[in-house]
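S.K.: Just a sequence and a predicted model for now, questions to come.
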Amino acid sequence: MAETVTIHEKPLRRFCEQVLIKLGVPADDARVTTDVLVLADLRGIDSHGVARLGRYVSGLKEGSMQPTDKSRVIKETKATALIDGGQSLGQVVGKRGMDLAINKAKDTAVGIVTVRNSNHYGIAGYYSMMALDHNLIGVSLTNAAPLVVPTFGRNSVLGTNPISLAAPAMREKAFVLDMATSTVPRGKIEVYNRAGTPIPHGWAVDETGRSSSDPARVLNALAKRLGGGLLPLGGEGEDLGGHKGYGLALMVDVLCGVLSGAATSLRVYADEKRPDVGHFFMALDPGAFRPLDEFRRDMDRLARELKDSPKAQGQERIYVHGEKSFARMETFRTEGVPLDAKVVESLKKIAEEIGVQWPTGTPTSFR
């Protein structure tokens with residue numbers, strides 16, 4: 001079992017904010033960026049949580065991420081907008097894009113915003129869930145660096161290109177789908193590598209294009225552009241539907257890259273100093289189709305029908321997307337956020353380099 005260190009949410013947030021502020025990020029923007037990172041850990045998506053802070057530290061130091069928000073709207077209609085991210089922090093640009101989509105949906109029932117020239121924006125679910133506070137359906141997509149091998153291919157061409165949709169319910173938890181279009185995100189391979197644990201076959205291929213269980217070999221091949229990469233959702237070939245995950249990843253690239261004019265496939269992060277990541281945000285008002293309370297009640301009914309349906313042998317519960325993450329949030333907000341000990345060491349190193357105090361007095365636990 002990998003050793004973990006438990007840190008309470010408030011000091012963890014304060015630490016991340018202080019690091020970003022030290023690097024020239026305005027306090028409000030540091031808060032937004034931190035909010036996205038910490039929410040990922042609270043929801044159990046540790047591959048995109050504070051373990052990613054080093055990526056932003058490097059980007060800010062090297063100039064591929066602008067500390068102050070340079071984003072601007074360059075084309076707009078009543079229901080749509082195109083934003084140039086100005087190489088700003090992806091979380092800051094992403095929140096601006098989703099806020100704009102929400103405001104347009106309140107006015108016209110639908111708001112769609114595309115973004116180009118942005119950076120990595122964290123978990124897609126953060127932005128789709130923003131719509132829930134307004135009883136809207138939220139959609140969030142982003143393209144990413146090429147890490148995914150197309151069906152029957154050997155080299156990574158597409159990103160993990162996540163998809164998220166959030167829809168409000170009444171008494172049940174909101175439906176929140178937040179998924180990569182690859183079998184797993186790269187961060188999941190990194191989690192296994194840090195733990196020294198083999199990855200399951202069907203997650204990734206090595207430089208030969210064959211399935212591999214060695215996370216270090218897969219990551220090394222990706223880092224050095226030797227070939228290989230993550231497999232699309234469904235896995236290797238077509239027998240288990242790998243071509244469908246491949247199609248979903250390509251769909252995300254069409255909406256985030258081609259539609260906005262951002263980079264696509266191999267061009268995303270082709271120039272490390274100008275990543276040119278593209279995002280797509282949509283907010284949709286259910287009340288434009290039917291009374292809102294009826295929609296929310298039917299979301300409850302749908303969730304209950306799924307959860308009350310017969311369970312597979314040996315299984316006690318059927319979950320609806322988002323339920324497990326909401327439960328983790330409640331637990332972690334009370335008991336603290338468990339971080340991999342190696343992640344904590346990397347954060348302590350950042351603290352030393354930047355001149356920010358690391359939170360002390362945190363208990364160590366195991367999982």
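M.R.: Received, thanks. Numbers count the residues shown, from 1 in each chain.

S.K.: worst-scoring helix or strand of this structure, pLDDT-wise?
M.R.: In the chain, no helix or strand scores lower on mean pLDDT, DSSP states H and E than strand 364-366, which sits at a mean of 44.

S.K.: what about stretch 332-351, how long is it end to end?
M.R.: End-to-end distance for stretch 332-351, by CA to CA, to the nearest Å: 23 Å.

S.K.: Just the buried positions in that stretch, please.
M.R.: 332, 336-340, 342-344, 346-347, 350-351 (16 or more other CB atoms under 10 Å). C-beta here means a position set from N, CA and C on the backbone, and glycine is covered the same way.

S.K.: likewise stretch 133-146?
M.R.: Quick answer for stretch 133-146 (16+ other CB under 10 Å): 136-146.

S.K.: Same question for stretch 288-304.
M.R.: For stretch 288-304, a neighbour-count test (16+ other CB under 10 Å) marks 292, 295-296, 299, 303 as buried.

S.K.: L12: which of these is nearest?
M.R.: Nearest to L12 out of those is A303 (CB to CB; 31.3 Å).

S.K.: mind checking how far stretch 141-154 is from the chain centre?
M.R.: For stretch 141-154, the distance from its own C-alpha centre to the chain's C-alpha centre is 15 Å (CA atoms, centre = their mean, to the nearest Å).

S.K.: and that stretch, average pLDDT?
M.R.: Confidence over stretch 141-154 (mean pLDDT, whole number) is 95.

S.K.: Can you give me the end-to-end span of that stretch?
M.R.: OK, stretch 141-154 end separation, CA to CA: 25 Å.

S.K.: so where do the strands sit in the chain?
M.R.: Taking DSSP state E to define them, one finds strands in the chain at 3-7, 72-76, 80-84, 110-118, 137-142, 163-167, 175-179, 204-205, 229-230, 277-284, 337-340, 364-366.

S.K.: Compare the mean pLDDT across the ones you listed and name the weakest.
M.R.: strand 364-366 - the lowest mean pLDDT of those, at a mean of 44.

S.K.: Look up how far G322 lies from Y56.
M.R.: Using CB to CB, to the nearest Å, we find Y56 at a distance of 26 Å from G322.

S.K.: Among the two, which residue is more densely surrounded?
M.R.: Using other CB atoms under 10 Å as the criterion, Y56 and G322 rank with Y56 on top: 26 against 23.

S.K.: pLDDT weak spots in the protein?
M.R.: Within the chain, the stretches with pLDDT under 70 are 1-2, 361-367.

S.K.: As a quick check, tell me the outermost residue of it.
M.R.: Q313 (32.8 Å; CA atoms, centre = their mean).

S.K.: Got phi/psi on that residue?
M.R.: Backbone torsions of Q313, given as degrees, to the nearest 10, read phi -60, psi 130.

S.K.: so what's I21 up against?
M.R.: 27, 30 (CB atoms under 8 Å, 6 or more residues apart in numbering).

S.K.: mind putting the strands of the chain in JSON lines, distance to G125 included?
M.R.: Shown next, in JSON lines, are those (distance: least, CB to CB, whole Å):
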{"stretch": "strand 3-7", "distance to G125": "22"}
{"stretch": "strand 72-76", "distance to G125": "24"}
{"stretch": "strand 80-84", "distance to G125": "20"}
{"stretch": "strand 110-118", "distance to G125": "17"}
{"stretch": "strand 137-142", "distance to G125": "7"}
{"stretch": "strand 163-167", "distance to G125": "4"}
{"stretch": "strand 175-179", "distance to G125": "3"}
{"stretch": "strand 204-205", "distance to G125": "23"}
{"stretch": "strand 229-230", "distance to G125": "19"}
{"stretch": "strand 277-284", "distance to G125": "12"}
{"stretch": "strand 337-340", "distance to G125": "17"}
{"stretch": "strand 364-366", "distance to G125": "26"}
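
S.K.: Understood, closing this out.
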